[in-house]
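Enquirer: just to be clear, the model below is a prediction. Sequence and coordinates:
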Amino acid sequence: MYMGLLEKSPEIGPLLVRLYDRHKLHCLSERPGAETRAELAGVMADLLDIDLKVDESELITDVLIGLLSKAELDLRAALSERLALMDDIPLRMILHLANDDAEVATPVLTHSRILTDTDLIYIVKATSAGHWRAIAGREGISDLLMNVLVDTKDIETAITLSKNESVILTPHAITRFSNMARFSDPLAKSFVMRSEIPSSTVTKLYQHVGRDLKEYIRRNFMISDMQSIDSEIDDIIFQMTAQNETDLTPNVEMIIAAESMMERGLLTPEVMISNLRRGQLISFVAQFSVYCGLLEGTVREILSQKSAQGLAIACKATNISKPDFVNMFLLTHRFRYSMDRVVNKNELALALKYYDKMNERMARTILNESRH
C-alpha cells in the first residue's frame, strides 16, 4: 500500500516514508512519550494538509484510519488536537475521530468547522454524554442543534450550554433548563446569569436554589415578590429542620413530584445528593423511594440501618456509583444517629465493604424481593 502511494505521487512520498519510520519507532517503544506521539501525529496532519487529488486524499485517509484503528488512545487524541483547527481535512477522517472515545473526539467536536449541523446531530444521537458536552462548547451553535442537545436532558451538557457565551439560548432551552435548574445549583448559577433569561423565570427558580445563589439573585434582580418567597421558603426550612428525626414521611405531593422527575429523566443520584446537602431529608426519602421502586417505609428502614447494608444493596441494584453511595451514606447519618455525631472511619469502611462485596445481579434480586 505504501509503495503504491509512493509511485502515485512524488509529493507525498517523503511524508509517507516519515510516517512509516515514525510509526515503526512508535510501535517499537514500550512506552511512547509525548514527543514521539506528537511527531507521529504531526506527520499524519501534514499528509492530510497537502493539496491532493480526490482519489489520493481518499487513499491517504484509508491508510491513516487503518493506523488509527490499532493506535493507543493518546495518539488518537494527539491527532484530534492537531486536526481540530485545520479546515481542509477530509470529512471522513474528522467523522472517524468525532465518533471515537470522548477524550479523543472532544477537540474536533468542539472546534472543527468541517462538521455540519447534520453531522453533529447524528453524533449526538449516536454517542453519549461526553460527546454531547464537547459539542455544547462549540462556538455559534444553531438553534436546531441546541434543541437536540437540550433534549438529551444531561445536566453537564446543560451547564456547558449555559456557560457558552457565543450562543443565545432558545425558548425551548430556557423552558427545559428552568426545570432542570431546580435540582442543580451549578446549572441554576450559570443559567440565571444569562441576559436572555426572563425575570419571571428567575423568580420561579429562586425557590429551589441554595443560599449563595439566592443572595446573587437578590443583588442582581429587582423582583417584587422576592420577600414573600423568602418568607415562604424560610417557613419550609424551619419545618424541615425542627421536625422530629423519626418523622420523615414524605407527603403525596413530594412523591408525585419525584415521579414526574423520574418520567422526565431528571431524577439522578446528583439531584438526590444535592437535596441531602441542603438538609432536605424528606425530599430525599421521596426521591430515593421512586428511584429504587420501594415504599417510603422501606427506604426509611434502609436508611436507619447502622451497617448501611440495605443502602449498599439499593445503590448497587440501581447502578448508583461508589462515590455517590459514599455521599448518600455520609449525608444520611441523621437517620441513624443524633445530629452531632460524626461517622467514624470504621463505619465507613464497613459500608464500603458491603458495597464492594455485593454484585449487581444479587443486589437486584434482593431489591425485587423488597418490593413485594
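Expert: All right, it came through fine.

Enquirer: so how many other residues sit close to residue 124?
Expert: By the criterion of other Cβ atoms under 10 Å, residue 124 has 20 neighbours. Every residue, glycine included, has its C-beta placed from N, CA and C.

Enquirer: just list the residues touching it, thanks.
Expert: Going by Cβ atoms under 8 Å, 6 or more residues apart in numbering, residue 124 touches 131, 132, 135, 145, 148, 149, 152.

Enquirer: and it, what's its pLDDT?
Expert: According to the prediction, residue 124 has pLDDT 97.

Enquirer: any idea how far residue 199 is from the most centrally placed residue in the chain?
Expert: Nearest residue to the geometric centre of the chain (Cα atoms, centre = their mean): residue 156, 4.4 Å. Distance of residue 156 to residue 199, computed by Cβ to Cβ, to the nearest Å: 27 Å.

Enquirer: now residue 91
Expert: Using Cβ to Cβ, one gets 44 Å for the distance from residue 91 to residue 199.

Enquirer: what does residue 78 give?
Expert: When residue 78 is compared with residue 199 (using Cβ to Cβ), they lie 47 Å apart.

Enquirer: ok, residue 221 next?
Expert: Relative to residue 199, and taking Cβ to Cβ, residue 221 is found at 6 Å.

Enquirer: before we move on, back to that, nearest residue to the residue nearest to the centre of the chain other than its sequence neighbours?
Expert: residue 133 (5.3 Å; Cβ to Cβ, 6 or more residues apart in numbering).

Enquirer: how about stretch 146-159: buried residues?
Expert: 146, 147, 148, 149, 150, 152, 154, 155, 156, 157, 158, 159 (16 or more other Cβ atoms under 10 Å).

Enquirer: whoops, stretch 63-71 was the one
Expert: In stretch 63-71, counting by 16+ other Cβ under 10 Å, buried: 63, 64, 67, 68, 71.

Enquirer: pLDDT of the helix or strand where the third one lies, averaged?
Expert: Assigned by DSSP states H and E, residue 67 falls within helix 54-68. Model confidence over helix 54-68 averages 77 on the pLDDT scale.

Enquirer: helices or strands up against it?
Expert: Packing partners of helix 54-68 (3 or more Cβ pairs under 8 Å, 6 or more residues apart in numbering; DSSP states H and E): helix 2-8, helix 13-28, helix 34-49, helix 73-83, helix 91-98.

Enquirer: can you list contacts of the last one?
Expert: What that stands for is helix 91-98. By Cβ under 8 Å, 6+ apart, helix 91-98 touches 48, 58, 61, 64-65, 68, 76, 79-80, 83, 104-105, 108-109, 112, 114-115, 119, 123, 131.

Enquirer: give me the angle between it and helix 34-49.
Expert: 150 degrees (axes from the mean of the first three to the mean of the last three Cα atoms, to 10 degrees).

Enquirer: tell me the helix or strand right after helix 91-98.
Expert: helix 102-111.

Enquirer: pull out the buried positions in that next one.
Expert: For helix 102-111, burial by neighbour count (16+ other Cβ under 10 Å) applies to 104, 105, 106, 107, 108, 109, 110, 111.

Enquirer: how about stretch 313-332?
Expert: For stretch 313-332, by 16+ other Cβ under 10 Å, it's 313-318, 320, 324-329, 331-332.

Enquirer: put the alpha carbons of it into CSV.
Expert: In CSV, the C-alpha atoms belonging to stretch 313-332 read as follows (Å, rounded to 0.1, in the frame of the first residue of the first chain):
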residue,chain,number,x,y,z
ILE,A,313,-27.8,-3.2,48.1
ALA,A,314,-30.2,-0.5,46.8
CYS,A,315,-27.4,1.5,45.3
LYS,A,316,-25.7,-1.5,43.6
ALA,A,317,-29.0,-2.7,42.2
THR,A,318,-29.8,0.7,40.6
ASN,A,319,-26.3,1.4,39.3
ILE,A,320,-25.5,4.2,41.7
SER,A,321,-21.8,4.7,41.7
LYS,A,322,-19.5,4.1,44.6
PRO,A,323,-18.7,7.8,45.2
ASP,A,324,-22.4,8.6,45.1
PHE,A,325,-23.1,5.7,47.6
VAL,A,326,-20.5,7.2,49.9
ASN,A,327,-22.1,10.6,49.7
MET,A,328,-25.5,9.2,50.5
PHE,A,329,-24.2,7.2,53.4
LEU,A,330,-22.4,10.2,55.0
LEU,A,331,-25.2,12.6,54.4
THR,A,332,-27.9,10.3,55.8
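
Enquirer: tell me the secondary structure for residue 148?
Expert: helix (DSSP: H, G, I helix; E, B strand; the rest coil).

Enquirer: from memory it sits against residue 118, does it?
Expert: No - taking contacts as Cβ atoms under 8 Å, residue 148 lies outside contact range of residue 118: 10.9 Å.

Enquirer: and for residue 140, the neighbour number?
Expert: With other Cβ under 10 Å as criterion, residue 140 counts 9.

Enquirer: wait, what's in contact with it?
Expert: So residue 140 contacts 166, 167 (Cβ under 8 Å, 6+ apart).

Enquirer: rewinding a little: which helix or which strand is home to the residue nearest to the centre of the chain?
Expert: helix 155-163.

Enquirer: now that helix and helix 102-111, what's the angle there?
Expert: Using the same axes, to 10 degrees, helix 155-163 lies at 20 degrees relative to helix 102-111.

Enquirer: output the below-cut-off pLDDT ranges for this protein.
Expert: Confidence mapping of the chain against pLDDT under 70 gives the ranges 1-33, 35-37, 50-53, 55, 222-247, 337-344, 371-372.
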